[in-house]
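Visitor: predicted model, plus sequence, below.
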Amino acid sequence: MNWLRSFMMGRYGPDQLYIALVITSAVFLILASLTGWLGLLFFSLFFFIYGYFRVLSRNIYKRSLENQKFLRLWSPIQSKVKQSFNRIKTLRTHKYFRCTSCKQRLRVPRKKGKIRIICPRCKTQMIKKS
Ligand SMILES: [Zn+2]
């Protein structure tokens, strides 16, 4: 293990972008084996090699800038996906509405009959069946 530690000394190492590249590479590999299209294998190899190039790179500053750029692009997507999963998980117990004036998403408990909903953002009142 000592040789690995000295080999990795001064190198960038794995980060979130590396994980994303490896997962993308695996997805392309699976797609290539399912479809039999060799072009996808090339993409898989590209993402894999680029991921390891970044891990072994000595230009730590540049790699960390790349990772920051990636996280800026990725985090809104990630939060949207999380929101959707959360909504699906609570679909049995809660109902979702949109505010009629400001389009804010509102969540209310199900099976409470007709209820008055007050938007927390713009204070608009609505009567809805929950
Ligand atoms: Zn509103």
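Guide: Thanks, I have it.

Visitor: what's the spacing between the residue positioned nearest the centre of the chain and Pro14?
Guide: Centroid-nearest residue in the chain: Gln78, 2.8 Å away (criterion: Cα atoms, centre = their mean). To Pro14, Gln78 is 18 Å away according to Cβ to Cβ, to the nearest Å. (Each C-beta comes from the backbone N, C-alpha and C, glycine too.)

Visitor: which positions in the longest helix along the chain come out as buried?
Guide: Identified as the longest helix of the chain according to DSSP state H is helix 60-89. Residues 63, 66-67, 70 are the ones in helix 60-89 that count as buried (16 or more other Cβ atoms under 10 Å).

Visitor: which of the residues you listed lies closest to the ion?
Guide: Within the buried residues of helix 60-89, proximity to the ion (Cβ to the ion) peaks at Phe70, which comes in at 34.0 Å.

Visitor: which ones are touching the residue lying closest to that closest one once chain neighbours are set aside?
Guide: Excluding the flanking residues, the one nearest Phe70 by Cβ to Cβ, 6 or more residues apart in numbering is Leu17, at 4.3 Å. By Cβ atoms under 8 Å, 6 or more residues apart in numbering, the contact set of Leu17 is 51, 54, 66-67, 70-71.
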